[in-house]
Every structure is written in structure tokens, then in C-alpha cells.
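*Asks:* coordinates only, sequence not included:
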């Protein structure tokens, strides 16, 4: 994924480790309900988190 995004190879390990931590934390908050979203509420917080992850990788590439 990082190679496909155009990230320079020397940054794969560090960037990959950070992404694993961020995505893992995001999934953990979703599973245990830490974001405190009522049932049926929109997913704007989750969507924002995903957009920030994508924007962060894009900023490293370009």
C-alpha cells in the first residue's frame, strides 16, 4: 500500500509502524465504544479520523 501510494522506500518501516498504531487505535475505539456515538448516529467522527489518516500519508508522499 505504501509503495503504491508513492512513499519513498526508506520511510516504509517508520510510516507503516505509525499507521498500524493509528489504525489499531481507531479500530479499538470503534469496538469498545469510546467515541460514544448513539446507535443510528452518523459516522462523521470515524470518517474524519479516516480522512486524517489518508491526508497524513498523502502529505508524506507529495
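*Replies:* Received it, and whenever you're ready, just let me know what you need. What you are looking at is a predicted structure, and each value in this text was computed from that prediction instead of being measured.
*Asks:* What does the pLDDT read for residue 13?
*Replies:* With respect to pLDDT, residue 13 has a value of 90.
*Asks:* can you tell me the helix or strand for it?
*Replies:* Using DSSP states H and E, residue 13 falls within helix 12-32.
*Asks:* Can you point out the buried residues in that helix?
*Replies:* 15, 26 (16 or more other CB atoms under 10 Å). Just so you know, the C-beta spots here come from the backbone N, C-alpha and C atoms, and that holds for glycine as well.
*Asks:* elements contacting it?
*Replies:* When contacts are defined as 3 or more CB pairs under 8 Å, 6 or more residues apart in numbering; DSSP states H and E, helix 12-32 sits against helix 2-5, helix 44-61.
*Asks:* Tell me the buried residues in the longest one?
*Replies:* Which is helix 44-61. In helix 44-61, counting by 16+ other CB under 10 Å, buried: 49, 57, 60.
*Asks:* what's the answer for the first one, then?
*Replies:* When neighbours are counted by 16+ other CB under 10 Å, the buried residues of helix 2-5 are found to be residue 2.
*Asks:* among the helices and strands packed on helix 12-32, which is nearest residue 17?
*Replies:* helix 2-5 (11.1 Å; CB to CB).
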